[in-house]
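1. Predicted model follows, preceded by the sequence.
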Amino acid sequence: MDGHNAAGVADVVKVHGRGDTAVRALDRVSLDLLAHRFTAIMGPSGSGKSTLMHCLAGLDTVDSGRIRIGQTELTGLSDAALTRLRRDRIGFVFQSFNLLPTMTAEENILLGLRLARRAPDRAWFTSVVDALGLRSRLRHKPGELSGGQQQRVACARALVGRPDVVFADEPTGSLDSRSGAEVLGFLRTSVRELGQTVVMVTHDPVAASYADRGVLLADGRIAAHLERPTAETVLAALTRLEA
Ligand SMILES: Nc1ncnc2c1ncn2[C@@H]1O[C@H](COP(=O)(O)OP(=O)(O)OP(=O)(O)O)[C@@H](O)[C@H]1O
């Protein structure tokens, strides 16, 4: 499947609010997200990063343009169909982990599949858990885990259903730099060795340097693409934008 698009937006316009206070958060944005790649979406505060991710993930509607996950066109799907698509084909990692405190790590990881009445693929579950170094932590509850471990559980939860795309929204925003580096290293491993597709929104040029590709937004438009970004090239591109 190399070279295929896991998702994409074409000519998307998204306006928040109305009248005098209307904000054109996305202004005719087109972007293809290659399968089996790690893409970082960056840009100044208010440039439209979260809006783009929410529209891509079917969490928000668009005013015009098209959105695709795999071969499925999102625009026009019913709410129920969108909910199913998110459940079955998209994984999410949030800044705040969002684990259920009364469940063990393993129960948290498998909850989505259980709700979808899908049987877990045990071999895949083991590969994900081992890649994340979570084998000895599966019976722990979130309160008994460090922030970095909790975020690794959240990554396992996002990946266990083999989604078409994992969307990670500032996944290292609540972590110290060492735990953040572990989570980013795992996201990269999940792409390179487990064949997943990851799209991450981040403010952090170092986090972006783990990605294969950077997309820079400014004022609701794509301002630049960076192949194999480094912290230095990202910082330079962001500085140029703000100049
Ligand atoms: N629900 C909303 N109602 C009105 N305006 C909104 C809403 N959500 C976002 N906006 C505006 O749309 C623009 C893009 O916001 P968005 O949150 O996508 O940017 P961002 O790049 O993710 O910012 P940040 O890095 O600060 O999270 C901003 O001007 C923001 O104020």
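-> That came in fine, so what should we check first? Residues are numbered from 1 along each chain as shown.
2. Low-confidence ranges, the protein, go.
-> Applying pLDDT under 70 to the chain flags the ranges 1-3.
3. which ones are touching the residue positioned nearest the centre of it?
-> Nearest to the geometric centre of the chain sits residue 167, at 1.5 Å (Cα atoms, centre = their mean). Residue 167 is in contact with 53, 56, 57, 90, 91, 92, 93, 199, 200, 201, counting by Cβ atoms under 8 Å, 6 or more residues apart in numbering. In short, each C-beta sits where N, CA and C put it, glycine included.
4. my read: the second one touches residue 10, true?
-> No. Using Cβ atoms under 8 Å, residue 56 is not in contact with residue 10; the gap is 11.6 Å.
5. Give me the common contacts of those two.
-> Residues touching both residue 56 and residue 10 (Cβ under 8 Å, 6+ apart): residue 67.
6. can you count the residues close to residue 232?
-> 10 (other Cβ atoms under 10 Å).
7. ok, for it, nearest residue in space, not its chain neighbours?
-> Nearest residue to residue 232, sequence neighbours excluded (Cβ to Cβ, 6 or more residues apart in numbering): residue 205, at 7.8 Å.
8. same question, residue 235
-> Spatially, and ignoring its direct neighbours in sequence, residue 235 is nearest to residue 205 (4.7 Å; Cβ to Cβ, 6+ apart).
9. helices or strands up against the helix ranked longest in the chain?
-> The residue-count maximum for a helix in the chain (DSSP state H) belongs to helix 177-192. Applying 3 or more Cβ pairs under 8 Å, 6 or more residues apart in numbering; DSSP states H and E, one finds that helix 177-192 contacts strand 38-42, helix 122-131, helix 147-159, strand 165-169, strand 198-201, helix 205-208.
10. Compare residue 56 and residue 10 and say which is more crowded by neighbours.
-> The neighbour count for residue 56 versus residue 10, taken as other Cβ under 10 Å, is higher for residue 56 (25 against 15).
11. What are the buried residues along stretch 5-12?
-> Applying a neighbour-count criterion of 16 or more other Cβ atoms under 10 Å, one finds 5, 6, 7, 8, 9, 12 buried in stretch 5-12.
12. List phi and psi for residue 72.
-> Dihedral pair for residue 72: phi -90, psi 130, per degrees, to the nearest 10.
13. Nothing else from me, thank you.
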